[in-house]
Every structure is written in C-alpha cells, then in structure tokens.
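In: give me the fold of what follows.
(chains A and B)
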There are 2 protein chains.
Amino acid sequence: MYRTGPIEKYVADAAAGIPAPGGGSVSALAGALGAAMAAMAANFTVGKKKFAGVEPQVRAILDKCSAGAQRLTELMDADVAAYATVSQAYGLPKDTDEHKKARTAAIQDALKVALAEPLATFRLCRELVELLDELVEIANPNLVSDVGVAAILLEAALRGAKLNVEINLAYLKDAAFVAEKRDEIDAAAFQAAELAASVVERVYKKIGWPPA
Amino acid sequence: MYRTGPIEKYVADAAAGIPAPGGGSVSALAGALGAAMAAMAANFTVGKKKFAGVEPQVRAILDKCSAGAQRLTELMDADVAAYATVSQAYGLPKDTDEHKKARTAAIQDALKVALAEPLATFRLCRELVELLDELVEIANPNLVSDVGVAAILLEAALRGAKLNVEINLAYLKDAAFVAEKRDEIDAAAFQAAELAASVVERVYKKIGWPPA
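Out: Next comes the predicted model:
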C-alpha cells in the first residue's frame, strides 16, 4: 500500500519504468489533495463564533470532504492493484486459437475491472466539486484561496480519471456498456468543469484579484 | 519534512485545521505527480529499438521531468516552511505605533518570502508543460494517456501555484514588484493553458477517442 509509505517513494515509482502507479492512481491522489484543501477551509470555519450561522452546512461539507480525501487515497492504491489484473490478462498465452480466444475474453473482463477505479475517482471528485459551490460562499474568507485550489485540483483529478476510463473504453467491445459510461462521464465532466470555473471565478472576486 | 513521511499523514495534515500544508504545498505535489507521469512515459520509450530514432530527445525530456518531479516534492515542503515566516510576522506585537510599523514591514517582507515558493512551482510547471509538446509526439504511444494526465496535472498545479502567488501579491504594497510578477504569471499561465489543451487534444486523437 502506497498510502502508508513515503511520498518520495510513490513519486519515484510513478516516474519509473514500471506500469503502476499510472495516470489513474496519480489522478486519485490529486483528487485527495483537492478534497483536503476543501476540508481545511471547512476546518477553519467550524467552531468559530463568527461563522456559527453556517456551522451545520460547513460541518456537513467538512465530513464529506474528509471522507472523500481518505477514500481517494484508497483509490490511489486500488488503481495500482486493478492494473495488475490487466497486465495478467495481456500476459496470457496466445499460441493456439483457443488460447487467443480465452486471452481476448480475459482482457475484455480486465478492462472493465480496470476502469472501475478511475470511474469511482471520477464520480467522487464530481460530488466533491459540487460541494464547493456552497463552500466558497460560506467558508472563512481567509481560506478562500484554498477553496480555489480545491476546485482546480478536483477538476484536474476528474479529467485525469476520465481519460483513464476512456483509454479502457476505447478497447472495449461491449458497445452498450461503452455508450452508457460515455454518456455519463461526458455530461458530468462538462457540468463539473463549468462549476469549477465558477468557483474559481468567485474566489478571485473575493480576494479582489486582479486589482482594478 | 513531509516528503519522507507517509502520504496518509500529509493528506490528513493538509485537511486539518492547521495553517500548513496549504494550497501552495499541495499544488507543488500535484505538479510532482504530473512530472512523474511525463517521466514514466519517457521511461517506457528510452532503450527500446522501436524508438531509437528519438532516444536523445526523449532522454533529455526524461532527465528534466525526473529532476522536476523531485524538485516539486521539495517545493511541497519548502512552501510549508515559508508559511511559518508569514505566521510569525502576523504574530508580532501591535500594541504601540512603533510595533505596528515594525509588524507591517515584517509582514510585507514575509509575503515576498512566502510567494517565492509558489512562484518557483509555477515557473517549473510551466517549463515542464512545454516539454510535453514534443513528448506527446515521440513517446511510446502505449503511454500517451499518461502524457495527457501529465498535461492536466501540471497545468492544474501551475494554476494552483498562481493563485497562491496572487493571494500574496494582493496584500503587497510594492506596486512595481506586484506589476512585474503579475505580468510574468499572466502571460505564462495563458501560454501554458493553451499548450496543455493542445497536448490533451492530441492525446485524444492518438487514442481515437471519442469514437467516430
């Protein structure tokens, strides 16, 4: 499990000439960093007299972002494990027609397993981006730039995860499955991008940048 | 130093109600993840007969991305240290006019120290994004989605770092310094966004997604 190990080791292994951690795993970690920034902004808001009026809303957002950050670090590891399934399938023998057929079927199954992790990352990052729409308005204004970084990183994580779903969809022959997943992620990615852009725009307004 | 410690601990501290790690630090780590993906794609290209024709170019990119990933994990830690300088300045006494004046001067100095780290992250991510323009064309095509994730994360890291430079610029009174930095980052961020978008577009063309 990478999440209990040193950051340096994870970054070095991601950079190395080994198949995993790859794009799906690092996207999940980027999402965890985004979720952590949202949780940090919420943590500096709850329990303060000045923000007592929004305490229940901020506490609900805090709980979701904290849980989301933890879940995304788990997905960072789960993606590495799922990749092994694909590698195994590609490693199956292809010397006879029967072997070839079995290998093709195993690869198709493995691609569905492999895309489950980035799809989970994608869905979770999308849910978390939606929380920022409210958080940017009610969080302690001293932390508003951290809400902005949360929006930027969660949206990037979502786009990275999307690409890793799609690279698997591109090889899948189950047309109905592919069409369903494609429709889901296209619509959700578009909405998340609009929302993230709106959050960042509001952050800039709140910090008064650029100056008039 | 967070980089030699567990990922879980870093994410938990970023999410916690403590001032650092904050947006500048997590942006640097996101950049390190992007640089690592570019290095990974380069690592799966060098030393292979099939790609011998581009070996020197890919090796040069590999060296820069590996060094960049390591440097960005250092900036992740450096940003946490720089934040302490700002906190200290804000903590200075403000009971007399003389103290107030000294405190204001110390804060102004600390803001310049604090923005140096995200500015270094910004500049480095920008240099790394530029390498992807070539890498996406010559890297092992099996790794092209990782080059796409590199573009997405490096550009997000750059935007996060930019916001953390700007939040410091917004409080700085040295107008010439502010204008100079603002001009630099505005121009560079625009170019990097265009380039990252072009890299991602080419990645999608290469993987043949969306299907016709």
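In: pLDDT averaged over stretch A:191-207 - what is it?
Out: The predicted model assigns stretch A:191-207 a mean pLDDT of 98.
In: can you list the buried residues in that stretch?
Out: Neighbour counts using 16 or more other Cβ atoms under 10 Å in any protein chain shown place A:192, A:195-196, A:199-200, A:202-204, A:206-207 of stretch A:191-207 among the buried residues. All C-beta atoms are positioned from the backbone trio N, CA, C, and that covers glycine.
In: likewise stretch A:179-191?
Out: Residues of stretch A:179-191 classed as buried under the neighbour-count rule (16+ other Cβ under 10 Å) are A:181-182, A:185, A:188-189.
In: next SSE after whichever helix in chain A runs longest?
Out: Here the longest helix in chain A is taken by residue count, with DSSP state H as the criterion, and it is helix A:97-138. Past helix A:97-138, further along toward the C-terminus, the next helix or strand under DSSP states H and E is helix A:144-169.
In: returning to what we had before: which two in the buried residues of stretch A:191-207 are spaced the farthest apart?
Out: Pairwise distances across these peak at 22.7 Å for A:192 and A:207 (criterion: Cβ to Cβ).
In: intersect the buried residues of stretch A:179-191 with the contacts of chain B.
Out: Filtering the buried residues of stretch A:179-191 for proximity to chain B by Cβ under 8 Å from any Cβ of the partner chain leaves residue A:182.
In: of the buried residues of stretch A:179-191, which belong to strands?
Out: Applying DSSP state E to the buried residues of stretch A:179-191, no entry is found in strands.
In: pick the one among the buried residues of stretch A:179-191 closest to residue B:103.
Out: Sorting these by distance to residue B:103 puts residue A:189 at the head of the list, at 46.7 Å, by Cβ to Cβ.
In: show the backbone phi and psi for residue A:6.
Out: Recorded main-chain torsions at residue A:6 are phi -70, psi 140, according to degrees, to the nearest 10.
In: excluding chain neighbours, what is closest to it?
Out: Taking Cβ to Cβ, 6 or more residues apart in numbering or on different chains, and ignoring the residues beside it in sequence, residue A:6 has residue B:4 as its nearest neighbour in space, at 5.3 Å.
In: list the contacts of the one you found.
Out: Listed by Cβ atoms under 8 Å, 6 or more residues apart in numbering or on different chains, the contact set of residue B:4 reads A:6-8.
In: next, give phi and psi for residue A:92.
Out: In terms of degrees, to the nearest 10, the main-chain angles of residue A:92 are phi -70, psi 150.
In: I'd say it and residue A:106 touch.
Out: Yes: with contacts defined as Cβ atoms under 8 Å, residue A:92 counts as touching residue A:106 at a distance of 5.6 Å.
In: low pLDDT regions in chain A?
Out: Screening chain A residue by residue with the criterion pLDDT under 70, one finds no matching range.
In: residue contacts, residue A:107?
Out: Under the criterion of Cβ under 8 Å, 6+ apart, the neighbours of residue A:107 are A:86, A:89-90, A:92, A:171.
In: out of these, which are buried?
Out: Among the contacts of residue A:107, those that count as buried by neighbour count (16+ other Cβ under 10 Å) are A:86, A:89.
In: secondary structure and distance to chain B for the contacts of residue A:107 - can I get that in TSV?
Out: Putting the contacts of residue A:107 into TSV (DSSP: H, G, I helix; E, B strand; the rest coil; distance: Cβ to the nearest Cβ, whole Å) gives the following:
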residue	secondary structure	distance to chain B
A:86	helix	12
A:89	helix	15
A:90	helix	11
A:92	coil	18
A:171	coil	9
